[in-house]
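Asker: Give me a 3D structure for the following:
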Amino acid sequence: MKKSKTKPDQKELALLAEKLIEKQFTMTIGTAQNGIPWCAPVYYVFISPDFFFFSSPSSRHIKEAISTGRASCAIFAESNTWKDIKGLQMAGTIEEVSSEDIAYSAFKEYKRKFPLLKELFQRSGSLTLNVLIRAFSVRLYRFRPQLIYYLDNSIEFGFRERIEFS
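Answerer: Predicted coordinates:
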């Protein structure tokens, strides 16, 4: 986006954020317990307004997010200069997905976004949600943002504004 005298409105910012989300593949999850912070990158898919990812139930970020009821996430585009810095900073909750309908929708989107999954399971034939869960000892989780900030130095140095997805 070129620098202009008027800043984008909320609808335009949400669209910019969604474009960024679609282009990126990893999200960093931040948690803390007993005053000790922790970060972990995960592959994600976005089904507005939630982010879905697979992780081990015994991983530190999952244990802490479930235990404390809080997590933060960040998604940033790769940049070589300060002018190119853009991304999202979010705070919210993480929960295991228990609804089969939601799980299958998220898994379908995950297979679309990450075709490498098909390569991993070529020999076993059909790749299903249950096959993936058993093969990697993972579960499907949902990050539900409660606070979202969009950052974009191409709009203005230090530009940061709260947004919401509809």
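
Asker: switch to C-alpha atoms for all contacts and neighbour counts from now on
Answerer: Fine.

Asker: in stretch 89-98, what counts as buried?
Answerer: Buried residues in stretch 89-98, counting neighbours by 16 or more other C-alpha atoms under 10 Å, are found at 89-97.

Asker: Packing partners of the helix or strand Ala40 falls within?
Answerer: Applying DSSP states H and E as the criterion places Ala40 in strand 36-43. In terms of contacts (3 or more C-alpha pairs under 8 Å, 6 or more residues apart in numbering; DSSP states H and E), strand 36-43 is packed against strand 26-33, strand 50-55, helix 60-68.

Asker: partner strands of that strand, parallel or antiparallel?
Answerer: Here strand 36-43 has these sheet partners by DSSP bridges: strand 26-33 (antiparallel).

Asker: Residues contacting the partner strand, please?
Answerer: Strand 26-33 is touched from outside by 37-44, 61, 64-65, 68, 70-76, with contacts defined as C-alpha atoms under 8 Å, 6 or more residues apart in numbering.

Asker: Helices of the protein, start to end?
Answerer: Secondary structure of the chain (DSSP state H): helices at 10-23, 60-68, 100-113, 116-120, 129-136.

Asker: buried residues in the third one?
Answerer: Across helix 100-113, burial judged by 16+ other C-alpha under 10 Å covers 103, 106-107, 109-111, 113.

Asker: could you check the angle helix 10-23 makes with that helix?
Answerer: Orientation of helix 100-113 against helix 10-23 (axes from the mean of the first three to the mean of the last three C-alpha atoms, to 10 degrees) gives an angle of 70 degrees.
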